[in-house]
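1. Just to be clear, the model below is a prediction. Sequence and coordinates:
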Amino acid sequence: MHSFLRASCSQSLVGKRANICLLYQSKYVSDSICGLLQLTAPHSTTSTVPSCTNSWPKNKSKHIGHECFNGSKFLIRSFTTQPRYLTDNHTRARKIGVRCASDVALTSSRYKDYVTRGSYAILNDLDISAFEKIVPGRVITNNDELVAYNTDWLKTVRGESKVLLRPKTTEEVSAIVKYCFDHNLAINPQGGNTGMVGGSVPVFDEVIVSTQLMNNIISLDPVSGILVCQAGCILDSLYKYVQEHDLTMPIDLGAKGSCHIGGNLATNAGGIRLLRYGSLHGSVLGIEAVLPDGQILDCLSTLRKDNTGYDLKQLLIGSEGTLGIITGVSIICPQQPQAISVAFLGCKSFSGVLDVFKSCKFHLGEVLSAFEFMDGQSMTLVKEKLALTNPLQTDYPFYVLVECSGSNGHHDEEKLMSMLQHVMDKGKALDGVIATDLTKVKKIWRLREGCPEALMHDGYCYKYDVSLPLSAYYQLVEDMRSRLKDKAHRVVGYGHVGDGNLHLNITAKEYDPATLALIEPFIYDWVANYRGSVSAEHGLGFKKRNFIYHSKTSSAVSLMAKIKKVIDPKGIMNPYKVLPEVIRA
């Protein structure tokens with residue numbers, strides 16, 4: 001028998017306390033909706049006690065019987081069908097509005113007033129022949145194949161590289177970089193090419209060095225949880241591998257099915273579980289990299305403690321490929337949680353979201369593993385573009401996703417229930433569902449993780465990734481809506497409230513310099529005014545590099561330029577990225 005709980009409200013029955021109502025399967029059915037808890041706050045404007053014919057999900061449920069006991073304690077119902085958040089057809093992204101990579105304007109043309117080509121050599125046939133000797137059979141020069149590697153995932157910038165190299169070993173990377181250093185050829189390191197700021201694709205004709213084929217797992221210590229692998233391993237593949245040993249990865253991203261672990265380190269990616277496991281600066285134990293002159297830097301330590309000299313790996317984490325190419329990674333993998341529970345709540349205001357966050361920290365403590373939010377525009381977007389379903393009965397201005405993970409499912413559920421009872425009693429949340437079954441957990445997560453994908457099908461997208469004090473967090477979205485008015489199709493906000501990271505996205509029919517001028521530098525001035533960061537986790541790349549002074553002092557940027565000059569004296573490693581044009585090496 002499978003069961004789930006549903007809490008509804010009835011002020012006439014229980015005053016200001018949420019009325020916890022039990023629903024269960026009267027007999028086993030293969031697609032039962034186990035593991036879900038629905039809540040509606042006593043202060044909600046929706047109907048107090050749902051009727052049998054209006055039970056969530058409204059158009060996806062079939063009742064076994066019509067008997068309903070409507071009393072002050074509980075309400076009993078049975079269902080025969082599983083709520084369809086998602087079907088196979090829904091998982092396929094619609095192609096409407098997504099342009100071909102070859103249709104994207106060249107970066108050198110679109111941004112001609114902001115960047116000039118450095119004094120690097122131009123690739124010739126002798127160079128191609130030399131590369132063929134280093135990586136035989138793995139040199140790509142066909143323009144039709146190159147276009148995907150020249151174009152970013154967002155289809156907003158496109159380079160003009162004439163060659164893609166696919167090494168398999170660190171030694172091959174070293175030989176490639178040494179040749180480029182000797183012949184003054186600029187290099188563009190590339191992993192899964194899932195970057196958001198143009199950092200993973202060429203600006204002009206840089207040589208693309210891809211880590212696609214560097215995807216071997218070197219070792220895993222199941223006792224210490226230390227994983228050593230090549231930089232081209234796809235994050236999701238690492239997840240699946242370590243899960244066989246009851247471990248998990250300390251980073252989780254919506255792009256984990258295609259992003260590379262080396263790229264994660266190069267951008268110091270944050271993701272949805274930074275709240276639980278911290279940043280990569282803490283979980284990465286060692287790095288192997290090839291420096292701009294071809295020298296191999298072996299800092300691939302597997303020690304938890306190593307206090308000998310400068311911690312050089314920290315310099316490479318977040319360097320976005322400007323100081324070298326990461327080829328190997330040593331990372332600590334936490335224990336795989338034995339139980340995961342997710343709550344999805346509706347709130348009437350962003351202050352309510354913050355109240356729920358405060359309650360989660362107090363009531364959930366060590367089992368709180370993620371706290372995400374999405375606004376009403378985000379929900380509308382994923383419903384329209386990805387055909388996903390809102391699991392709540394009513395639409396709300398704000399939604400919160402709370403995840404708990406730990407070693408004892410019953411203990412975690414009790415803590416989650418205590419927290420939910422509190423936020424419902426206080427009116428901090430108005431409605432919600434809980435999922436404890438893994439399938440349902442994934443479907444709820446799909447709502448939040450589908451936001452970036454859905455935006456791709458809503459026209460041209462101006463994307464911004466900022467860190468802000470929570471007191472000013474959502475005000476930026478509202479101010480941007482007021483500023484742009486009908487210049488934008490949508491202004492969407494979602495992100496990681498747990499670490500102050502807001503993803504602000506603006507969609508329009510097409511790219512328009514006038515619209516961009518309304519957004520920038522306004523958004524960066526706004527963030528700087530609240531002492532935030534213009535890049536929370538995506539990096540600066542090409543698009544944001546000239547706004548670095550909004551988050552860093554002149555002395556700090558000057559020191560960065562000196563470090564770049566020492567390590568990369570010719571400036572060949574991922575040029576036009578991170579550092580502003582005025583001080584580019």
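-> Alright, I've got the coordinates.
2. Outline the domain layout of this protein.
-> Domain assignment for the chain by automatic domain parsing gives 3-84+340-447, 119-336+554-585, 458-551.
3. mind putting these in TSV, mean neighbour count and distance to residue 105 included?
-> From N, CA and C alone the C-beta is placed, and that goes for glycine too. Below are the domains of the chain laid out as TSV (neighbours: other Cβ atoms under 10 Å; distance: least, Cβ to Cβ, whole Å):
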stretch	mean neighbour count	distance to residue 105
domain 3-84+340-447	19	24
domain 119-336+554-585	20	7
domain 458-551	19	8
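4. Please save the CA atoms from the helix or strand harbouring residue 131 in CSV.
-> In this assignment (DSSP states H and E), residue 131 forms part of helix 125-134. Extracted C-alpha coordinates of helix 125-134, given in CSV (Å, rounded to 0.1, in the frame of the first residue of the first chain):
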residue,chain,number,x,y,z
ASP,A,125,48.7,24.8,-43.1
LEU,A,126,52.0,24.2,-41.4
ASP,A,127,50.3,24.6,-38.0
ILE,A,128,47.6,22.1,-39.0
SER,A,129,50.2,19.6,-40.0
ALA,A,130,52.0,20.0,-36.7
PHE,A,131,48.8,19.5,-34.8
GLU,A,132,48.1,16.3,-36.8
LYS,A,133,51.3,14.9,-35.6
ILE,A,134,50.4,15.7,-32.0
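5. can you list contacts of the helix or strand just after that helix?
-> Using DSSP H and E, the helix or strand that follows helix 125-134 in sequence is strand 139-140. Residues outside strand 139-140 that contact it (Cβ atoms under 8 Å, 6 or more residues apart in numbering): 128, 131, 132, 146, 149, 163, 164, 165, 166.
6. Find the pair from those residues with maximum spatial separation.
-> Using Cβ to Cβ, the contacts of strand 139-140 span at most 17.8 Å, a distance reached by 132 and 149.
7. Let me know whether residue 403 touches residue 342 as I believe.
-> Yes: in terms of Cβ atoms under 8 Å, residue 403 counts as a neighbour of residue 342; the distance is 5.1 Å.
8. Please identify every residue contacting each of those two.
-> Residues touching both residue 403 and residue 342 (Cβ under 8 Å, 6+ apart): 441, 445.
9. for residue 178, what are its contacts?
-> Contact analysis of residue 178 by Cβ under 8 Å, 6+ apart lists 293, 294.
10. Confirm that it sits in a strand.
-> No: read with DSSP: H, G, I helix; E, B strand; the rest coil, residue 178 is helix and lies in no strand.
11. any idea how far it is from residue 528?
-> As for residue 178, its distance to residue 528 is 41 Å (criterion: Cβ to Cβ, to the nearest Å).
12. Same question for residue 572.
-> Between residue 572 and residue 528 the distance is 32 Å, computed by Cβ to Cβ.
13. picking up where we left off before, pick out whichever of the contacts of strand 139-140 sits closest to residue 517.
-> Of the contacts of strand 139-140, the one sitting nearest to residue 517 (Cβ to Cβ) turns out to be residue 149, at 30.4 Å.
14. does that closest one count as helix, strand or coil?
-> Residue 149 - assigned by three-state DSSP - is helix.
15. surely it meets residue 192?
-> No: under the criterion of Cβ under 8 Å, residue 149 makes no contact with residue 192, lying 11.1 Å away.
16. I'm done for today, thanks for sticking with me.
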